[in-house]
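A.B. asks: My questions concern the predicted model and sequence given below.
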Amino acid sequence: MQIPTHIAVIMDGNGRWAKQRGLPRSDGHRAGTEAARAVVTHCRELGVRFLTLYTFSKENWSRPKDEIGTLFDLLTTFLKREEKSLKEQGIRLNILGEIDAMPLAVRQVLRHVMRQTAQCEDMTLNLALSYSGRDEIVRAARALVAKGVPPEAVTEEAFAAELWTAGQPDPDLIIRTSGELRLSNYLLFQCAYAELHFTDIYWPDFTPAELDKAIKDLNSRQRRFGKTGEQLDHA
Ligand code: IPE
Ligand code: IPE
Ligand code: MG
């Protein structure tokens, strides 16, 4: 089975998972953090080079303050607890999104763990935080203008180099849990030829075995990139 180089996940359904069990949403987020930890380790073991987790969207700022607080508490606890393990596993932490939009305590932990794992080379873990795909695109355009890049030099490559994912390959596979069939402003530039995998499972129930299913599903597809099936069969 061919292992995708870059997997991106929209970890959705924590709230509904909790509701189904008569629990507060915070319990859903806690369980979701555990699911994320298992998926990170599994991807590393499989040899996935880039794993991108949609952790908090720019639009998520409109949630109740206490829920946002819970999410950031869980994130900082997770990072503090996993710092050593990430390093041992050779996993480099990288953030897609505006770190400065984060509360100070979160920023400090993020910067610390990024520094600690900066030399890790086995896998890059991108956490999309305060992330918006459109915002990322607009920022890239602004950066090119600010540099005085002439119009003819505004190429797809020059543009991609200004995104948070600069230097990384585009995702091969985007997984969304919880049954929603949308991208919710995720990796809009980078998703051009990603294969999409949707599952009804709520994120806290998403196990490494479910990830294997998604990869197997991907392997059964033919990625044509605009060519005909016959062209690829003869290549
Ligand atoms: C995903 O679960 C976590 C975040 C968006 C931060 P949700 O909190 O969106 O769960 P549902 O969609 O309400 O079930
Ligand atoms: C997308 O989930 C963002 C994350 C998983 C962090 P949402 O639950 O915020 O998406 P919508 O609002 O249902 O599209
Ligand atoms: Mg949701």
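C.D. replies: Thanks, I have the structure now. Residues are numbered from 1 along each chain as shown. Ligands and ions are numbered 1, 2, ... in the order given.
A.B. asks: Let's see the pLDDT reported for residue 191.
C.D. replies: For residue 191, the pLDDT comes out at 98.
A.B. asks: What count of nearby residues applies to it?
C.D. replies: Counted by other Cβ atoms under 10 Å, the residues lying close to residue 191 total 16. (Each C-beta comes from the backbone N, C-alpha and C, glycine too.)
A.B. asks: What strand or helix carries it?
C.D. replies: Using DSSP states H and E, no element contains residue 191; it sits outside every helix and strand.
A.B. asks: what pairs with the nearest residue to it once chain neighbours are set aside across the strands?
C.D. replies: If the residues on either side of it in the chain are set aside, residue 191 comes closest to residue 174, at 6.1 Å by Cβ to Cβ, 6 or more residues apart in numbering. Bridge pairing for residue 174 (DSSP bridges) gives the partners residue 8, residue 196.
A.B. asks: wait, what's in contact with residue 174?
C.D. replies: 7, 8, 9, 10, 183, 186, 187, 191, 194, 195, 196, 197 (Cβ atoms under 8 Å, 6 or more residues apart in numbering).
A.B. asks: so which of those comes closest to residue 43?
C.D. replies: residue 7 (6.4 Å; Cβ to Cβ).
A.B. asks: these two touch, right, that closest one and residue 171?
C.D. replies: Yes - counting by Cβ atoms under 8 Å, residue 7 touches residue 171, with 6.6 Å between them.
A.B. asks: joint contacts of those two?
C.D. replies: Contacts common to residue 7 and residue 171, judged by Cβ under 8 Å, 6+ apart, are 50, 52.
A.B. asks: So out of everything in the chain, what residue is nearest ligand 2?
C.D. replies: In the chain, no residue comes nearer to ligand 2 than residue 184, which is 3.6 Å away by Cβ to the nearest ligand atom.
A.B. asks: Kindly indicate whether that residue is helix, strand or coil.
C.D. replies: coil (DSSP: H, G, I helix; E, B strand; the rest coil).
A.B. asks: Extract the C-alpha trace of the helix or strand hosting residue 209 and format it as PDB.
C.D. replies: Per DSSP H and E: residue 209 is located in helix 208-219. What follows is helix 208-219, C-alpha atoms only, in PDB (Å, rounded to 0.1, in the frame of the first residue of the first chain):
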ATOM      1  CA  PRO A 208      -5.700   4.500  13.600                       C
ATOM      2  CA  ALA A 209      -7.700   1.700  11.900                       C
ATOM      3  CA  GLU A 210     -10.000   4.300  10.400                       C
ATOM      4  CA  LEU A 211      -6.900   6.100   9.100                       C
ATOM      5  CA  ASP A 212      -5.800   2.900   7.500                       C
ATOM      6  CA  LYS A 213      -9.200   2.600   5.800                       C
ATOM      7  CA  ALA A 214      -8.900   6.100   4.400                       C
ATOM      8  CA  ILE A 215      -5.400   5.300   3.000                       C
ATOM      9  CA  LYS A 216      -6.700   2.100   1.500                       C
ATOM     10  CA  ASP A 217      -9.600   4.000   0.000                       C
ATOM     11  CA  LEU A 218      -7.100   6.500  -1.500                       C
ATOM     12  CA  ASN A 219      -5.000   3.600  -2.900                       C
END
